[in-house]
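**Q** Just to be clear, the model below is a prediction. Sequence and coordinates:
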Amino acid sequence: MSDDATQIGIEQLGRAETSRRTKRDRDWKAEVSRYGTIIALVVLFAVFSFARPDVFATEFNILSILSQASILLIVSVGLTVCLIMGLYDLSISAVATLGNYMICSLLVMQADQPYVWLTIVIVIGLCAIVGIANGAIVSYLGVSAFIATLAMGSILTGVILGYSQTRTIVGGIPDSFLALGQQSTFGIPNQVLIMVVIVAFLWALLEHTQIGRNLYAIGGSAEAAKLSGIATKRYALLALGISGVCAGIGGMIAAANLAAGRPTGVGDAYLLNAFAASFIGASTLRPGQFHVLGTLVGVLIIGVISNGLSVLGVETYWQYIVQGVLLLAAMFGAGVISRRTI
């Protein structure tokens, strides 16, 4: 009996040790999943700083990275609101182009009038209407967000081309508007300040209001959210409306930055990277969940890589290849983490 008791005790100790090791492994993997992208950002910054300390790590270049990333981050956080609900917005490229061209067109038509801010509000309202229309098609007509926003993007592209007659606007834009993309306040570029305000607002909305909690609840289970009394259809209008507004603001800042309104291609550069940043963010801090701070980290990773490769003199086509690989890795990583957290 004594030998049997001893054997049982040894087996129990072995099982306890195995359980502790398994728990330690899980904890280690959880920490890597949570902070891996932040560590990657720090490593990337350190590598590029070591490679070109005279250029990359300077104050001027850091502000340049933030300026270049500001438009992408504004577009990306709007997209993140949709992704939280499980909606894909593929119209952000066309909406950014719409905001870019319409703000220039309206300002040039009334070049002497002082109502620049009123014109900005009008264009923001136009982009919001497009987003809300997307939400209505998805919620009340039952069309998938993927198809609805893809179709809306095609429609907008045709409308802009027809309205503009493919002409680019390159003059007559008021300096007070151009200052939003070309000047600084207290040494910080104005477009970076705009980015900070928008990101802070959406972070507070999603993390500290009932609206944000409802959006996350719908993304977790739309059916359960509906049974709990949440008006899921209205939230689709809200999410896609916010996405439209953010895309439009991004397009307007691009217009102020470039002092031009282009009828095509303005938003194309942001579509792929916005999805990449959002999915990278889904594996940051809260693995498997889209959130604003994660998207911020994703945009900074893309910005640091793009700027670092440029500083090192890497050909442009390699930058596109790296961004594509980054999106695939982000999608794969987010999928693996989501499966592990189920």
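**A** Ah, there it is.
**Q** what residue lies at the spatial centre of this structure?
**A** When C-alpha atoms, centre = their mean is applied to the chain, the residue found nearest the centroid is Ser76 (1.7 Å).
**Q** Tell me which helix or strand that residue sits in.
**A** helix 59-84 (DSSP states H and E).
**Q** Buried residues in that helix, which are they?
**A** Neighbour-count burial for helix 59-84 flags 61, 64-84 (criterion: 16 or more other C-beta atoms under 10 Å). For every residue, glycine as well, the C-beta is placed using N, CA and C.
**Q** Equivalent analysis for stretch 103-117, please.
**A** Using 16+ other C-beta under 10 Å as the test for burial, stretch 103-117 gives 103-107, 116.
**Q** what mean pLDDT does that stretch have?
**A** Averaging pLDDT along stretch 103-117 gives 79.
**Q** got the end-to-end distance for it?
**A** One end of stretch 103-117 sits 10 Å from the other (C-alpha to C-alpha, to the nearest Å).
**Q** Outside of it itself, list whatever touches it.
**A** Stretch 103-117 is contacted from outside by 119-120, 122-123, 163-164, 169, 171-174, 176-177, 251-252, 255, 260-261, using C-beta atoms under 8 Å, 6 or more residues apart in numbering.
**Q** Now the buried members of these.
**A** Neighbour counting with 16+ other C-beta under 10 Å marks 119-120, 123, 164, 169, 173-174, 177, 251-252, 255, 260-261 as buried within the contacts of stretch 103-117.
**Q** Cross the residues you listed against helices and list the overlap.
**A** Mapping the buried ones among the contacts of stretch 103-117 onto helices (DSSP state H) picks out 119-120, 123, 164, 177, 251-252, 255.
**Q** ok, so of those, who is nearest Gly99?
**A** Within those, proximity to Gly99 (C-beta to C-beta) peaks at Gly251, which comes in at 3.3 Å.
**Q** Pass me the low-pLDDT residue ranges in the chain, would you?
**A** For the chain, the stretches with pLDDT under 70 are 1-33, 111-114, 323, 326-327, 329-342.
**Q** where exactly do the strands run in the protein?
**A** 184-185, 188-189 (DSSP state E).
**Q** TSV please, covering these and showing distance to Leu215 and mean neighbour count.
**A** Shown next, in TSV, are these (distance: least, C-beta to C-beta, whole Å; neighbours: other C-beta atoms under 10 Å):
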stretch	distance to Leu215	mean neighbour count
strand 184-185	32	12
strand 188-189	30	17
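**Q** Could you dump the ones you listed into TSV with distance to Leu296 added?
**A** Shown next, in TSV, are these (distance: least, C-beta to C-beta, whole Å):
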stretch	distance to Leu296
strand 184-185	21
strand 188-189	17
